[in-house]
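Asks: kindly generate the corresponding structure for this input.
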Amino acid sequence: MKLRRIGNSLGTTFSKEVLNTAGFSEVDELSLQATPGEIRIKHDSGKLVVDLTVSEAKALAAGNLESKAGASALAKVKRLLENK
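Replies: Model prediction:
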């Protein structure tokens, strides 16, 4: 698979076989998550998924947003919302 210029952007195409295997169709809404060296494409379920450490989850559950872990969890949620 190669990236190619499409207007001012770069893009690629996926074969029907790959799209069928993933369960994607042309009417699907997709969400993207990019990290260095990786792009994940998923069905957009309308849900946000936040990766939290145990201490971040405990801080959120306790409503302790002033702690370092609580502030970190809140920052992760804010970043996700900014990208939506």
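Asks: thought Gly11 was touching Leu3?
Replies: Yes. At 6.9 Å, Gly11 and Leu3 qualify as touching, with contact defined as CB atoms under 8 Å. Glycine gets a C-beta too; all of them are placed from N, C-alpha and C.
Asks: phi, psi of the residue most central in space within the chain?
Replies: For the chain, the residue nearest the mean C-alpha position is Gln33 (3.4 Å; CA atoms, centre = their mean). Dihedral angles of Gln33 (phi, psi; degrees, to the nearest 10) stand at phi -130, psi 120.
Asks: also Arg79?
Replies: Dihedral pair for Arg79: phi -60, psi -40, per degrees, to the nearest 10.
Asks: and Ala61, by the same measure?
Replies: As for Ala61, its main-chain torsions (degrees, to the nearest 10) stand at phi -60, psi -30.
Asks: quick one: average confidence on the helix or strand hosting Ala69?
Replies: Assigned by DSSP states H and E, Ala69 falls within helix 68-82. Average pLDDT, helix 68-82: 93.
Asks: beta partners for Arg5?
Replies: With beta bridges defined as DSSP bridges, Arg5 has these partners: Leu10.
Asks: could you count how many residues lie near it?
Replies: Per other CB atoms under 10 Å, the neighbour tally for Arg5 reads 8.
Asks: with Leu19 instead?
Replies: Using other CB under 10 Å: Leu19 sits among 14 other residues.
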